[in-house]
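1. coordinates only, no sequence provided:
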C-alpha cells in the first residue's frame, strides 16, 4: 500500500494522541481509587465532558481494543461517518468489525495488533474497508499499546484517519504517470490497452476489464482487449458472457447515454443490455461500469469494468475512470486515425481495392523493373454519376461494392494459360483498372475484356429495382501508348471515352486516331470560345407540322457554327465537347437571348422550342432568372416558348428538375420530353414530370416501316402518351411511308427533312408568311 504523509492529518493525530493518553490515564487512575470524594467526582465528570466534546468534533476515530475480550471497549462517534454504520453495529461481536475490512487487508491489521500485544509501539498502516453503502474507503491506522502498572499490555489504542480523498488523488497521479510512460514506450495498441486496463482494474478493485471500439465498417462495437484479474481457464466463457450485444441497435447509445457513465448493479446479474449467451450469474458477476470513450464529442468506444462483488464506486473513482477514458480515447483515436490514413493511402475505403495512388506506384515499379509488355485496362461503369443522382449515393455505393465483389470473384475464377492479372484497383468512383504483364497477344486481351463485360449482362437488384448497367473499356499498352503511368492511364481513359461514344458494353484499344480525336476536341473547345465573341454562331429553325392540318405549328431552334466562310458545323460536331464544360452554359444563354430577340422582331411569331442542357439544372445556375431578364429585355410572352428536356436532365437532379419544370409551366412555357424511349425509364418520367409533348427519337422512326417490333413500340408510345393527355411529335421523318404510318398511328406532329431541313430565321418567316403546308392525303 502506498504510504501517504499529510502534515495536517499528522498534526490532528498528534493532538488526538495527547488527549487520548491523558484521558485514558486519568480514567484508569481515578477508577483505582476507592475513596471517591466529591472533588474527584467533579474532576472525573469534567474530564469526560472535555473528552466527549473533543471527540465529537475531531474528524478521526479514536478507539480502544481489549486484549482479553477481543472487543472494542471504546469507539468514538465519528466511526459512524467512516464505516457508514452505527457504532453498536460495528462492535456487535468479536468478528463484526473485521467484516468491513477487505479480505487482502485483514491479515495486515491482525498482524499489527499482535505486534502491539508484544509491546511494539507506534505502528502505522493503511487498510481498505468496504463501507455499508458499498463504497471502498482507505483508512490510515496508528496503533499504540496500553499497559498496566506491571507493564503488561492490556489493550490496543488506535487513531483512524479517512485518507480516501488523498489516496485517490495520489492514485490518479500514479496512474497518469504510468499511462504517459506507457504511451511513450509502448507502440503496440493492444499491449498498451491491456496494461492500462490492468492498472485501472487493480487500482479500483475490479476483476475484469475490456476495451470495446466502435467499428464504422461493421456498425457495431467489437472487443479489442480483455483483461482478467485471475487468469482463469474459463476466460473464453467469461468473454462470451461479457460480449456486448450486437442484436440490440441501441446498445452503444445505452452505454454511452449523453456521454455519461452508466452503471448497472444487480444481484440477479442478467444484464440483457450488456450480455449475450450465458447468464452473468454463472461466473458470479455482480457489477458492471461502462465508461464512454468520447473524442470531439463523438463516442468511439467503451471501457467496461466488471466485478464479482458490489463496490459502488464513489465520485473520486468515477473521476479517475473519466480522466483515463478521455486521455486513452485521444490515444486510441490518434492510433485508429493513423491506421485509417495508412489504409486510405493504399486502398479504397468503400471497396477495399487498391486506390489510384497504389495503381500509379505499381505501374511505375513495373516500368522501372523493365517489365514488358504492360497492359493497362480501364473499365468505366457508364452513367454511374447519373445513377448516383437519380437513385442516391447510398445505392451508388452499394452498386460499386457489388460490382467490386463480382469483379474479384471473376478474377479468382478466370484462368488462361496465357494471361493473369497482376493488379486491380479502383481509380475513381465507377472506374476500375487492371494491370497485367502476361497479355502477349491481342486475342488474349479481347478474350479477357469480353468476359469482363459479360458481368454486366445481368441486372443488379437494389431497393426492389432492377438496374441494368453497361460498361466501356479502354486498353493501353507499354511502351506503345505511353512510357509513364500518366500517359498509359490517359491513353486508356481516352479509349474508354471513345468506346462509350459508340455505345454500351464495348472496348477500344488506344490508338493514334483516338489521341488525334482528343486533340481535335481541345481545338473545338478553344474555337467555341472565339465563336461566341466573334459572332460566328447562328440559329436555324426546323418547322414542326401538324399531321391533322399540314400547317406549321411550331419550330425548333438549332444552332449552327460558321467555322469558316464555306464551312457550317451542325451542333453534333461541337455541342458534345461543350457539354463537358461550363462553356455549354454560355452557348445556351446565347440561344435563349437570340430566340427571344427573334420572336420579338418576327412579323409572324410562332412557338419556338429550345434544347436545354443538364448543366442548366444545377443549383449554381438560375435558368428562371435568365428567362426573366430576357423577357424584360425583349417583352416576349412566355407562351411562345417551349423547353425540350431529356432524361439525362431529369436524372441529374430529380428534385431541382421537378421544381424548375413546375415553375416553367406556371410561367406559361410548354415542356416536351426529347429523345423519348432512349433512356432507362422513359415511361416513368411521363408520370413523374407530366410534359406537354413527347418527341419520339429518330432512332425509332428509322425503323419504319420495315421493323415490326419498332412499329409496335411506337404504337405503344403514342397510345400511352394520349392516355395521359400528352401530344406526340415524331423526329427525323424522312419518307412518305413514315408519314403514312404515323398518321395511321395517331401521331400529332412531325419534324424532319421530309418537310423541311433547318433554315435561317428569314427563311422560316417566309414559310410561315406564305403558309407552306405538308400535303395531307384525304
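-> On my side now, so go ahead. Being a predicted model, the structure only gives us computed values, none of them experimental.
2. do you know how far residue 627 is from residue 107?
-> 93 Å (CB to CB, to the nearest Å). Backbone N, C-alpha and C define where each C-beta goes, glycine included.
3. neighbour count winner among these two?
-> Using other CB atoms under 10 Å as the criterion, residue 627 and residue 107 rank with residue 627 on top: 20 against 10.
4. thought the more buried one was touching residue 667?
-> Yes. Here residue 627 reaches residue 667: they are 7.4 Å apart, a contact under CB atoms under 8 Å.
5. give me the common contacts of these two.
-> Common neighbours of residue 627 and residue 667, using CB atoms under 8 Å, 6 or more residues apart in numbering, are residue 638.
6. so what's residue 359 up against?
-> Counting by CB under 8 Å, 6+ apart, residue 359 touches 423, 425, 427, 433, 435, 485, 489.
7. list the contacts of the spatially most central residue of the chain.
-> The residue lying closest to the centre of the chain (CA atoms, centre = their mean) is residue 216, at 6.8 Å. Listed by CB under 8 Å, 6+ apart, residue 216 has no contact partners.
8. surely residue 139 meets residue 82?
-> Yes. Using CB under 8 Å, residue 139 makes contact with residue 82 at a distance of 6.9 Å.
9. who touches both of those two?
-> With CB under 8 Å, 6+ apart, residue 139 and residue 82 have common neighbours 129, 160, 162.
10. gap between the closest residue in space to the second one that isn't next to it in sequence and residue 375?
-> Beyond its immediate neighbours in the sequence, the residue positioned closest to residue 160 (CB to CB, 6 or more residues apart in numbering) is residue 61, lying 3.9 Å away. The gap separating residue 61 from residue 375 is 87 Å, by CB to CB.
11. go on, residue 345?
-> Residue 345 is 26 Å from residue 375, by CB to CB.
12. looking at those two, which has the bigger crowd around it?
-> residue 375 (25 against 10).
13. list the contacts of that one.
-> 434-437, 439, 445, 475-478.
14. those in strands, which ones?
-> 434-436, 475-478 (DSSP state E).
15. buried members of these into ChimeraX, please.
-> Command for ChimeraX, covering only those of these found buried under the criterion 16 or more other CB atoms under 10 Å:
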select :434,435,436,475,476,477,478
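16. from the ones in strands among the contacts of residue 375, which one has the minimum pLDDT?
-> Of all the ones in strands among the contacts of residue 375, residue 436 has the smallest pLDDT value, namely 89.
17. re the thing from before, and which of the contacts of residue 375 is nearest to residue 773?
-> residue 475 (54.0 Å; CB to CB).
18. check the gap between the closest one and residue 328 for me.
-> 52 Å.
19. can you list the weak-confidence ranges in the stretch 551-700 of the chain?
-> Counting by pLDDT under 70, the stretch 551-700 of the chain has low-confidence residues at 619-620, 651-653, 677-685.
20. which stretches of it form helices?
-> Using DSSP state H, counting those that start in this stretch, the helices assigned to the stretch 551-700 of the chain run over residues 571-578, 583-601, 623-634, 647-652, 654-666, 682-689, 698-701.
21. please identify the deepest-packed of those helices.
-> Mean neighbours per residue, mean count of other CB atoms under 10 Å, is largest over those for helix 647-652, with a mean of 22.
22. please name the residues that touch the residue nearest to residue 697 when sequence neighbours are not counted.
-> Computed as CB to CB, 6+ apart, the closest residue to residue 697 that is not its neighbour in sequence is residue 675, at 4.5 Å. Applying CB under 8 Å, 6+ apart, we find residue 675 in contact with 646-647, 695, 697.
23. do the same with residue 486
-> Residue 486 neighbours (CB under 8 Å, 6+ apart): residue 360.
24. strands along the stretch 351-500 of the chain, start to end?
-> Remark: strands assigned in the stretch 351-500 of the chain by DSSP state E, counting those that start in this stretch are 374-381, 423-428, 431-436, 460-462, 465-467, 471-478.
25. can you list those strands in TSV and add distance to residue 753?
-> Converted to TSV, the strands of the stretch 351-500 of the chain look like this (distance: least, CB to CB, whole Å):
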stretch	distance to residue 753
strand 374-381	35
strand 423-428	42
strand 431-436	39
strand 460-462	41
strand 465-467	37
strand 471-478	31
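26. select the longest helix from the chain.
-> Counting residues, the longest helix found in the chain (DSSP state H) is helix 315-346.
27. show me what that one is packed against.
-> Contacting helix 315-346 under the criterion 3 or more CB pairs under 8 Å, 6 or more residues apart in numbering; DSSP states H and E are the following elements: helix 164-185, helix 189-203, strand 208-215, strand 287-295, strand 298-307, helix 356-368.
28. that helix - what's its average pLDDT?
-> The predicted model gives helix 315-346 an average pLDDT of 76.
29. for burial, what's the neighbour tally of the nearest residue to residue 475 once chain neighbours are set aside?
-> With CB to CB, 6+ apart as the criterion, residue 475 has its nearest non-adjacent residue at 4.9 Å, and that residue is residue 509. Neighbour count for residue 509, taken as other CB under 10 Å: 21.
30. what does residue 538 give?
-> Around residue 538 there are 14 residues (other CB under 10 Å).
31. begin at 58 from now on, thanks
-> Right, with 58 as the first residue, what we last looked at is residue 595.
32. quick one, what contacts residue 435?
-> 484, 488-491, 530-533, 546, 549-550, 552-553.
33. low pLDDT regions in the stretch 458-607 of the chain?
-> For the stretch 458-607 of the chain, the ranges with pLDDT under 70 are 472-476.
34. can you give me the helices for it?
-> Taking DSSP H, counting those that start in this stretch, the helices of the stretch 458-607 of the chain run over residues 499-510, 542-558, 569-590.
35. can you state the direction angle for the second one and strand 488-493?
-> For helix 542-558 against strand 488-493, the angle between stretch directions is 120 degrees (axes from the mean of the first three to the mean of the last three CA atoms, to 10 degrees).
36. and the shortest one, by the same measure?
-> Direction vectors for helix 499-510 and strand 488-493, defined by the same axes, to 10 degrees, enclose an angle of 150 degrees.
37. what packs against helix 499-510?
-> strand 431-438, helix 450-470, strand 528-535, strand 563-566.
38. give me the distance from stretch 487-504 to the chain's centre.
-> Distance, stretch centre to chain centre, for stretch 487-504: 35 Å (CA atoms, centre = their mean, to the nearest Å).
39. how long is it end to end?
-> 22 Å (CA to CA, to the nearest Å).
40. same question for stretch 145-165.
-> 24 Å.
41. related to what we said a few turns ago, so for residue 782, which of the helices and strands packed on helix 499-510 sits nearest?
-> Short answer: helix 450-470, nearest of these by CB to CB, at 32.1 Å.
42. show me what that closest one is packed up against.
-> Using 3+ CB pairs under 8 Å, 6+ apart, helix 450-470 sits against strand 431-438, helix 441-448, strand 480-485, strand 488-493, helix 499-510, strand 517-519.
43. which residues sit against the longest one?
-> Residues outside helix 499-510 that contact it (CB under 8 Å, 6+ apart) are 432, 434, 436, 464, 467, 471, 473, 475-476, 496, 528, 530, 532, 562-564, 566.
44. which of these count as buried?
-> So, by 16+ other CB under 10 Å, the buried ones in the contacts of helix 499-510 are 432, 434, 436, 464, 476, 496, 528, 530, 532, 562-564, 566.
45. can the residues you listed go into TSV with extra columns for distance to residue 650?
-> Shown next, in TSV, are the buried ones among the contacts of helix 499-510 (distance: CB to CB, whole Å):
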residue	distance to residue 650
432	50
434	46
436	42
464	48
476	57
496	53
528	40
530	42
532	44
562	41
563	39
564	43
566	44
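46. right, and out of these, which lies closest to residue 351?
-> Once CB to CB is applied, the member of these that ends up nearest residue 351 is residue 464, at 39.4 Å.
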